[in-house]
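**Q** Just the structure for this:
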Amino acid sequence: MKRGKKYSEAAKLVDKAMLYDTVDAIELAQKTSVTKFDATVEAHIRLGVDSRHADQQVRGAVVLPHGTGKTVRVLVFAKGAKAEEAVAAGADFVGAEDLIPKIQGENWFGFDVAVATPDMMGVVGRLGRVLGPKGLMPSPKAGTVTMDVTKAINDIKAGKIEYRLDKTNIIHVPVGKVSFGSEKLQDNFETLMKAIIKAKPQAAKGQYLKSVVLSTTMGPGVKVNTAKITE
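**A** Numbering: from 1, shown residues only. Below you'll find the predicted structure:
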């Protein structure tokens with residue numbers, strides 16, 4: 001893959017063989033951001049588990065203390081009083097069966113997170129094939145299947161992010177924007193890592209944190225010293 005001149009210059013600042021302390025890694029990721037816009041800082045966490053086994057799944061949600069810097073659009077599947085509550089709490093879209101043809105037929109995905117009340121999961125389940133692959137399926141583990149729609153919406157708008165393993169046993173999540181500054185990014189990153197360490201499955205054997213890399217949108221990756229994270 002051919003990289004641009006800006007990327008090549010930025011990549012020279014990163015020692016690929018080096019494992020950086022968290023603060024240094026964050027500052028270097030910010031320094032090597034190559035975009036003209038306010039780039040997102042992302043964490044890529046490889047875990048020593050096998051996602052093919054149900055008892056080694058790592059999935060959950062955590063509220064980042066300083067948010068993600070992104071405006072999150074929330075869709076809520078609810079009826080009656082719960083639908084009214086969702087509207088009052090600031091949901092961007094609220095509906096029930098009427099959303100099925102819109103999402104399935106029109107291929108509409110104008111939202112970032114979906115929340116559902118438990119009684120709506122029969123309806124939502126019919127969208128599993130389209131919502132699942134996009135990571136948009138509501139889940140009790142992530143707190144997005146709940147009767148407390150107000151809390152779910154407030155948490156998401158405040159900076160709640162969901163993390164889950166991909167097929168290669170890596171979690172990819174945003175930890176904020178370059179403009180946040182290193183202290184806020186460090187707070188967010190440490191909050192995320194504590195949640196992921198706490199979510200370690202009992203069935204996981206050997207080294208749990210295999211590697212952690214921080215990068216900005218289109219920027220080079222910076223390896224973090226995982227030994228320091230687990231202290």
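**Q** isn't Tyr20 right up against Val222?
**A** Yes. Under the contact definition of Cβ atoms under 8 Å, Tyr20 touches Val222, with a separation of 5.8 Å. Glycine gets a C-beta too; all of them are placed from N, C-alpha and C.
**Q** a helix runs through Asp119, doesn't it?
**A** Yes. Applying DSSP: H, G, I helix; E, B strand; the rest coil, one finds Asp119 inside a helix.
**Q** show me what contacts it?
**A** With contacts defined as Cβ atoms under 8 Å, 6 or more residues apart in numbering, the neighbours of Asp119 are Lys79.
**Q** Quick check: it vs Phe180, distance?
**A** Plainly put, Asp119 is 39 Å away from Phe180 if you go by Cβ to Cβ, to the nearest Å.
**Q** and Thr230, what pLDDT?
**A** Per-residue confidence for Thr230 comes out at a pLDDT of 63.
**Q** Sorry, slip of the keys, the one I care about is Gln202.
**A** Per-residue pLDDT puts Gln202 at 89.
**Q** Which element, helix or strand, includes it?
**A** Mapping Gln202 onto the secondary structure by DSSP states H and E places it in no helix or strand at all.
**Q** neighbours around it, how many?
**A** Residues near Gln202, counting by other Cβ atoms under 10 Å, number 7.
**Q** what residues are up against it?
**A** Gln202 makes contact with Asp55 under the criterion Cβ under 8 Å, 6+ apart.
**Q** for Ala158, same thing?
**A** Residues Val63, Gly67 are the ones in contact with Ala158 under the rule Cβ under 8 Å, 6+ apart.
**Q** how close does it get to Lys16?
**A** Counting by Cβ to Cβ, the gap between Ala158 and Lys16 amounts to 36 Å.
**Q** residue ranges with poor pLDDT in the protein?
**A** Low-confidence segments of the chain, defined by pLDDT under 70: 1-3, 230-231.
**Q** Domain parsing of it, as residue ranges.
**A** The record's domain split for the chain, according to automatic domain parsing, is 5-67+160-229, 74-158.
**Q** what's the span of the first one, first residue to last?
**A** In other words, domain 5-67+160-229. Separation of the first and last residues of domain 5-67+160-229 by Cα to Cα, to the nearest Å is 33 Å.
**Q** gap between that domain and the chain center?
**A** Between the centre of domain 5-67+160-229 and the centre of its host chain there is 10 Å, according to Cα atoms, centre = their mean, to the nearest Å.
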